[in-house]
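Visitor: let me see the structure of the following:
(2 chains)
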Amino acid sequence: NAGVTQTPKFQVLKTGQSMTLQCAQDMNHNSMYWYRQDPGMGLRLIYYSASEGTTDKGEVPNGYNVSRLNKREFSLRLESAAPSQTSVYFCASSLRVPSNQPQHFGDGTRLSIL
Amino acid sequence: GESVGLHLPTLSVQEGDNSIINCAYSNSASDYFIWYKQESGKGPQFIIDIRSNMDKRQGQRVTVLLNKTVKHLSLQIAATQPGDSAVYFCAENLGGSQGNLIFGKGTKLSVKP
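Guide: From the prediction side, this is the model:
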């Protein structure tokens, strides 16, 4: 079972470049999430999609946009990358929101902005 | 704002001993809690969860205890193995319409052979 698949695994960008991080899940989950993880800090929510066709801001949405392409796929876009966006990005999915079900995570995209 | 925190950032144990990782939460409205394990270069992996109407839940070699009176959560790992070495996160679900998780910063568990 693939679970949550993220691409690419690694990426280096120059300041000002744009990029889209891809995420797909095969668990038939309704809800999907994007987090960033920085050293010494917990995971912080960027955006989430409670269901296909809806997206909402999380704790740190500035500088990002998202698209819920279909039930399986949820992408994160950096329109003009900045060094402060250097981080590890995780996509997750869960059965539904609100939910007392665990979120399941991909293995992350390691993004460096020079 | 409300946050989830951890008492100990690092924990070193001998192989075969039991490990206890602690977590404090501050939002009394939280109704669901999860423990995740994160190995180097990997995403968080679900270990065990507990709802607020429970005090204890057991899994395979792991037990989660919830003390709502003092807003404290713990993860106990029995007979700790080298493969248990990782960073462990607790997370709380604040409930309501958002349903997203608030994560603690993590505790690094090192198992000495």
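Visitor: can we go C-alpha only for contacts and neighbour counts from here?
Guide: Noted.
Visitor: what about B:Thr63, how many neighbours?
Guide: Applying other C-alpha atoms under 10 Å in any protein chain shown, we find 19 other residues in the vicinity of B:Thr63.
Visitor: my bad, should have said B:Ser30
Guide: Neighbourhood size, B:Ser30 [other C-alpha under 10 Å]: 20.
Visitor: so which elements touch the helix or strand containing B:Gln76?
Guide: Element membership for B:Gln76, per DSSP states H and E: strand B:72-77. Under the contact criterion of 3 or more C-alpha pairs under 8 Å, 6 or more residues apart in numbering or on different chains; DSSP states H and E, strand B:72-77 touches strand B:19-25, strand B:62-67.
Visitor: for the next helix or strand after it, packing partners?
Guide: Following strand B:72-77 in sequence order, the next helix or strand is strand B:86-93 (DSSP H and E). Here strand B:86-93 touches strand B:4-5, strand B:19-25, strand B:32-38, strand B:101-103, strand B:107-112, going by 3+ C-alpha pairs under 8 Å, 6+ apart.
Visitor: between these, which gets nearest to A:Leu95?
Guide: Of all these, strand B:101-103 sits nearest to A:Leu95, with 13.7 Å by C-alpha to C-alpha.
Visitor: mind listing what the closest one pairs with, with the direction of each?
Guide: Within its sheet, and counting by DSSP bridges, strand B:101-103 is paired with strand B:86-93 (antiparallel).
Visitor: what residues does the strand it pairs with touch?
Guide: By C-alpha atoms under 8 Å, 6 or more residues apart in numbering or on different chains, the list of residues contacting strand B:86-93 from outside reads A:100, B:4, B:21, B:23, B:25, B:30-40, B:99-110.
Visitor: give me the buried subset of the residues you listed.
Guide: Buried subset of these (neighbour count, 16 or more other C-alpha atoms under 10 Å in any protein chain shown): A:100, B:4, B:21, B:23, B:25, B:30-39, B:99-110.
Visitor: and the helices and strands packed on strand B:86-93: which comes nearest B:Leu75?
Guide: Minimum separation from B:Leu75 across the helices and strands packed on strand B:86-93 (C-alpha to C-alpha) falls at strand B:19-25, 5.1 Å.
Visitor: is there any residue in whatever helix or strand A:Ala92 lives in that contacts chain B?
Guide: Using DSSP H and E, A:Ala92 sits within strand A:87-94. Yes: applying C-alpha under 8 Å from any C-alpha of the partner chain, one finds strand A:87-94 in contact with chain B at A:Phe90.
Visitor: kindly report the same for stretch A:7-19.
Guide: No: Stretch A:7-19 lies out of reach of chain B by C-alpha under 8 Å from any C-alpha, never closer than 10.0 Å.
Visitor: all set, thanks.
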